[in-house]
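Chemist: With the input below, show me the fold.
(2 chains)
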Amino acid sequence: MQRHTIAVLVNDQPGVLTRVANLFGQRGFNIDSITVGGSEEAGLSRMIITTGGDEQKIDQLMKQLYKLIDVINVTNLSANSFVSRELALIKVSANPSQLAELNGIVEPFRAAIVDVGPNSLIVQVTGDTEKIDALLVLLQTYGIIELTRTGSMAMARSVVPVPANV
Amino acid sequence: MSVQTAELQGKNGMPPVKFGEEVTGAETLLRSLILEQVEYIFGYPGGAVLPIYDSLYGSYFKHILTRHEQGAIHAADGYARATGKPGVVIATSGPGATNLVTGIATAQMDSVPLVCITGNVAQQLIGTDAFQEANITGITIPITKHSYFVRDVRDIPRVVKEAFHIATTGRPGPVLIDIPKDVSNAKAPFFYPEKVEIRGYQAEVVPSDEDVEAFVQAISKAKRPVIMAGGGIISAGADQELRAFAEAARIPVINTFMGLGGFPGVHELSLGMPGMHGSYTANQALLNADCVIGLGARFDDRITMGRTKEFAPKARIVHVDIDPAELGKNVSTAVKVTGDVKSTLQKALPLISRCDSEEWIAQLHKWQAEKPYSYKKDGEVLKPQAVIELLYRSTNGEAIVTTDVGQHQMWTAQYYKFKHTRSFISSGGLGTMGFGFPAAIGAQIAHPERTVIAVVGDGGFQMTNQELAILAQYRVPVKVAIINNQCLGMVRQWQELFYDNRYSQIDLTCSPDFVKLAEAYGVKGLRASTPEEAEAVWAEALRHDGPVVVDFRVAQEENVYPMVAAGNTLDQMVLGDD
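Modeler: Numbers count the residues shown, from 1 in each chain, chains lettered A, B, ... in the order given. Just a heads-up that it's a prediction; the model follows:
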């Protein structure tokens, strides 16, 4: 099963998330992650949804999404090159004496320690899903107390390819 | 006041509407309905719609008070299917609204334009589990084309305008408007929007020239072409275009269940219905065609039998549909045309040439002659198929016929040769028992001059037979033909064929005396148990100037044939016991 990242531009109306989420369920799709927020235009929100399915099924899903009256546009970002980012907050079991050691681990990931307590600290990391997964493996040796991830935000790359620090 | 709405003022017998006056939300709603040319409302009052019913009091609208909200919505649906105009239904909050659910799903599956108006509790009570509160917009998300929860009285005109636009354009469907009681009571000056603008919604779909060219190209070389015409022909009003196209190109026509009436059933090029209980010839046509042209049909599992890879194995499939999501959804398609079938056929007609199909047509005619629909005729016992043949013969195929769901529905589709579009009204997609009788009421109200027959089973009729009260109250002359085999026939058939004759919960022998039931409602009741009685009684029913219920006591053990069992392909057709 292929992974797909779909961008859905919708009216910022009560109940729109329910309509979109319901459609995924109705057509037999699982939502792996979903982010919703404002867009470049007032009154419209953009949802970034990651899901799985073969081409034909995703094509069908996108057409069904487009039929929702509150859906303005649907794009399968996975069809072309795109930039994807996720934010994670990771509460790690550690004491302040381990701070330097942990800094050494998170720095190559361009992550940061944003809160320190007597028995735990919080790491903030942004990047694509694989990068966050990799950092989590390293932090697991200390013990992960709590984890919260935003799910992928994504955007198609500009037509002219530019070097990007992925 | 807009120019457009000014032009509508007082037209088509509609009363004039005053603009600028401060009126309640309820009055705003009704004025908006007048501007949408609504004449009939099917509904049932209750607490949350009291303001609306107060505004209705003494108004111009013809309101049909059904005895259950399900009756109201099926009647509105029958009205819509018989006319092409949107059906309008009103129900109160909570149970009133949830009683609409089956009817909304029925309309959604068959793409029927409905505007359903529900009341809700006042906004300060929303979310408190108040008396008769239900989240009906949430409940109906998967079964409506769109829905509105109105928060402000000033939104009502725009919402109504949009609702009618969405329900009736593109692929039609039901739209729900939920209005809390405080919004119905609130006041605002009445204005009506000039036009609708809904971003991201495509109302009209005219196919591109390239698509039409590809469509014509794909067809022109075919030697064994067949058109599979669905409900889209009827909703697009493309029956004349279809006929002209089929005749010009010499292409035989299969009508799907939903498409029956979209092409005359008695036409030389008509092959009848395909699929599970379709005609031998229609299924052979799909199996042997080199080109299958789907027009406003959705290749559903009652035709492909879910075996989509083996469907029409020798054919290239060409598919025209107003809904792009239908193209390639179920079967893989060589040529896809997004467009409404009427404009597609209009654009294609001047380009099409006659196909080299005479040999193919001769073969199909041979199959038709060899293997028509058939059953064992009987002089003593009344056969259900004979009843449908009688209904057809006596009305010359000119009646509007509605059905419920089950054996009688399939026999009607097989033995009644529909001549005209919008004459066959049945719940095809959802398969809703209890639909046929109230739908006939709606159709008859729309067409008082036509003969309207509700063909129902003894099972389904009892799901909505309380609407007999309507026949008497509003003098609606529907002829109800109960195909009474004293059991749930289609379930019985499957239990006989696939469950080793273990007849589980199908016995309806303890049903009421339908003649007396009709009479109790003030409706004429008749009964026939033999072929001879059937002729006489039905003639009397047709002569009678008013509603009639005819209890046709038919043979219980009849099965619907031909039949392709679920999971089999169309070549594994069982022709039956004749």
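
Chemist: most centrally placed residue in chain A?
Modeler: residue A:152 (1.4 Å; Cα atoms, centre = their mean).

Chemist: pLDDT value on it, please?
Modeler: As predicted, residue A:152 sits at a pLDDT of 94.

Chemist: my read: it touches residue A:87, true?
Modeler: No: look at residue A:152 against residue A:87 with Cβ atoms under 8 Å: they stay out of range, at 10.0 Å. (C-beta placed from N, C-alpha, C; glycine too.)

Chemist: Overlap of the contact sets of the two?
Modeler: Here residue A:152 and residue A:87 have no joint contacts, going by Cβ atoms under 8 Å, 6 or more residues apart in numbering or on different chains.

Chemist: Strands along chain A, start to end?
Modeler: Ranges of strands in chain A, per DSSP state E, are A:3-11, A:31-38, A:44-52, A:71-76, A:82-93, A:112-116, A:120-127, A:144-149, A:153-156.

Chemist: between the ones you listed, which gets nearest to chain B?
Modeler: strand A:71-76 (4.0 Å; Cβ to the nearest Cβ).

Chemist: What is the burial count for residue A:28?
Modeler: Applying other Cβ atoms under 10 Å in any protein chain shown, we find 9 residues neighbouring residue A:28.

Chemist: need the residues of chain A near chain B, please.
Modeler: Within reach of chain B by Cβ under 8 Å from any Cβ of the partner chain, chain A has these residues: A:11, A:14-15, A:18-19, A:22-23, A:26, A:56, A:59-60, A:63-64, A:66-67, A:69-73.

Chemist: Could you pick out the buried ones from those residues?
Modeler: A:11, A:15, A:19, A:23, A:59-60, A:63-64, A:66-67, A:69-72 (16 or more other Cβ atoms under 10 Å in any protein chain shown).

Chemist: Which of the residues you listed fall within helices?
Modeler: Mapping those onto helices (DSSP state H) picks out A:19, A:23, A:59-60, A:63-64, A:66-67.

Chemist: So, low pLDDT: which residues of the chain?
Modeler: Looking at chain A here, since you left the chain open. A:160-166 (pLDDT under 70).

Chemist: meant chain B, my bad for not saying
Modeler: The low-confidence ranges in chain B, as defined by pLDDT under 70, are B:1-11, B:577-578.

Chemist: Quickly list the domain ranges of it.
Modeler: With domains defined by automatic domain parsing, chain B comprises B:3-189, B:209-370, B:384-560.

Chemist: want to throw those into TSV with mean neighbour count and distance to chain A?
Modeler: Below are the domains of chain B laid out as TSV (neighbours: other Cβ atoms under 10 Å in any protein chain shown; distance: least, Cβ to the nearest Cβ, whole Å):
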stretch	mean neighbour count	distance to chain A
domain B:3-189	21	4
domain B:209-370	21	4
domain B:384-560	21	15
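
Chemist: Turn those domains into JSON lines, including distance to residue A:114.
Modeler: As requested, those are exported to JSON lines (distance: least, Cβ to Cβ, whole Å):
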{"stretch": "domain B:3-189", "distance to residue A:114": "36"}
{"stretch": "domain B:209-370", "distance to residue A:114": "45"}
{"stretch": "domain B:384-560", "distance to residue A:114": "54"}
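
Chemist: I'd guess residue B:550 is in a strand, am I close?
Modeler: Yes: under DSSP: H, G, I helix; E, B strand; the rest coil, residue B:550 sits within a strand.

Chemist: Bridged to it, which residues?
Modeler: residue B:481, residue B:526 (DSSP bridges).

Chemist: which ones are touching it?
Modeler: B:479-482, B:525-528, B:537-538, B:541.

Chemist: Relative to residue B:542, how far out is it?
Modeler: 10 Å (Cβ to Cβ, to the nearest Å).

Chemist: Identify the contacts common to those two.
Modeler: Common neighbours of residue B:550 and residue B:542 (Cβ under 8 Å, 6+ apart) are residue B:479.

Chemist: Now residue B:467: closest residue in space, sequence neighbours ignored.
Modeler: Leaving aside its chain neighbours, residue B:467 sits nearest to residue B:71 (4.4 Å; criterion: Cβ to Cβ, 6 or more residues apart in numbering or on different chains).

Chemist: And what about that neighbour, helix, strand or coil?
Modeler: Using three-state DSSP as the criterion, the local structure at residue B:71 reads helix.

Chemist: Show me how the record splits chain A into domains.
Modeler: Using automatic domain parsing, the domain parsing of chain A gives A:3-79, A:83-155.

Chemist: can I get the ones you listed in CSV with distance to residue B:149?
Modeler: As requested, these are exported to CSV (distance: least, Cβ to Cβ, whole Å):
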stretch, distance to residue B:149
domain A:3-79, 7
domain A:83-155, 28
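
Chemist: need the next SSE after the host helix or strand of residue B:294, C-terminal direction.
Modeler: Using DSSP states H and E, residue B:294 maps to strand B:291-295. Scanning forward in sequence from strand B:291-295 by DSSP H and E, the next helix or strand is helix B:301-304.

Chemist: So residue B:25 is in contact with residue B:153, correct?
Modeler: Yes: between residue B:25 and residue B:153 there is a contact under Cβ under 8 Å: 4.2 Å.

Chemist: which neighbours do these two share?
Modeler: Contacts common to residue B:25 and residue B:153, judged by Cβ under 8 Å, 6+ apart, are B:183, B:186-188.

Chemist: Looking at these, spot the one nearest residue B:416.
Modeler: For the shared contacts of residue B:25 and residue B:153, the minimum distance to residue B:416 (Cβ to Cβ) is 46.1 Å, reached by residue B:183.
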